[in-house]
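Visitor: how would this look folded up:
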Amino acid sequence: MSPGEPGGTEALRRRWIAAVLAHGQSAAEGWLTLLAALPEAAAPGLALGAPAPGAPAAQRPNAPAPGAFAPQRPNALAPGDFAAQRPDAPDIPALRSWTAGMPLHTLAELAVTGRELATVLHKRPGPWLGELLQRLLMAAAAGDIPNDNRLLLLEAKRMDSNEQ
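Guide: Here you go, the predicted structure:
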């Protein structure tokens, strides 16, 4: 979903927040630093599963043989021009802003514990508990609910009743 589509920016914000929660704030900062330094790394042709430009010639169709001269593309962009000519290039300032606006970045910061949830919901701990904690973490990190113990416990009860 692109930012121009209805709900696109919000969907991208939520995907970014989920990535920050899954991989950590320092990894997210590292990605942003790399994207800022090498904006061509976000090119659509470099999708997951596509051979990297430096991959062996056997993995790249129509690649020049090793050691052969590879002519420069006439329409190659200078690194600084890349983001300006790519409407789908990541908006690095927006991503940084979304990260900075997250009220929490880790499960340890969540104002409720798994033990509290199990007690309040009268259930034995199990896989359901980790899933519920992750849902609460995402809701709090995205700003859907304040990171408040009482409110999180109420939301957990609501989520649990919807599951049954």
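
Visitor: Helix or strand next in line after the worst-scoring helix or strand of the chain on mean pLDDT, which one?
Guide: Least confident helix or strand, the chain: helix 82-85 with a mean of 46, by mean pLDDT, DSSP states H and E. Later in the chain than helix 82-85, the nearest helix or strand by DSSP states H and E is helix 92-100.

Visitor: Check which helices and strands that following helix sits against.
Guide: helix 8-23, helix 25-37 (3 or more C-beta pairs under 8 Å, 6 or more residues apart in numbering; DSSP states H and E). The C-beta positions use only the backbone N, C-alpha and C, and glycine is treated the same way.

Visitor: ok, then the element right after that helix?
Guide: helix 114-121.

Visitor: what mean pLDDT does the next helix or strand along the chain from that following helix have?
Guide: For helix 114-121, the following helix or strand on the C-terminal side (DSSP H and E) is helix 127-141. Here helix 127-141 scores 97 as its mean pLDDT.

Visitor: Can you dump the C-alpha atoms of helix 127-141 in PDB for me?
Guide: What follows is helix 127-141, C-alpha atoms only, in PDB (Å, rounded to 0.1, in the frame of the first residue of the first chain):
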ATOM      1  CA  PRO A 127       1.200 -19.100  23.900                       C
ATOM      2  CA  TRP A 128      -2.000 -17.000  24.100                       C
ATOM      3  CA  LEU A 129      -0.200 -14.800  26.600                       C
ATOM      4  CA  GLY A 130       2.700 -13.800  24.400                       C
ATOM      5  CA  GLU A 131       0.300 -13.100  21.500                       C
ATOM      6  CA  LEU A 132      -1.900 -10.900  23.800                       C
ATOM      7  CA  LEU A 133       1.200  -9.000  25.100                       C
ATOM      8  CA  GLN A 134       2.300  -8.300  21.500                       C
ATOM      9  CA  ARG A 135      -1.100  -7.000  20.600                       C
ATOM     10  CA  LEU A 136      -1.200  -4.800  23.600                       C
ATOM     11  CA  LEU A 137       2.400  -3.600  22.900                       C
ATOM     12  CA  MET A 138       1.400  -2.700  19.300                       C
ATOM     13  CA  ALA A 139      -1.700  -0.900  20.400                       C
ATOM     14  CA  ALA A 140       0.200   1.100  23.000                       C
ATOM     15  CA  ALA A 141       3.200   1.800  20.700                       C
END
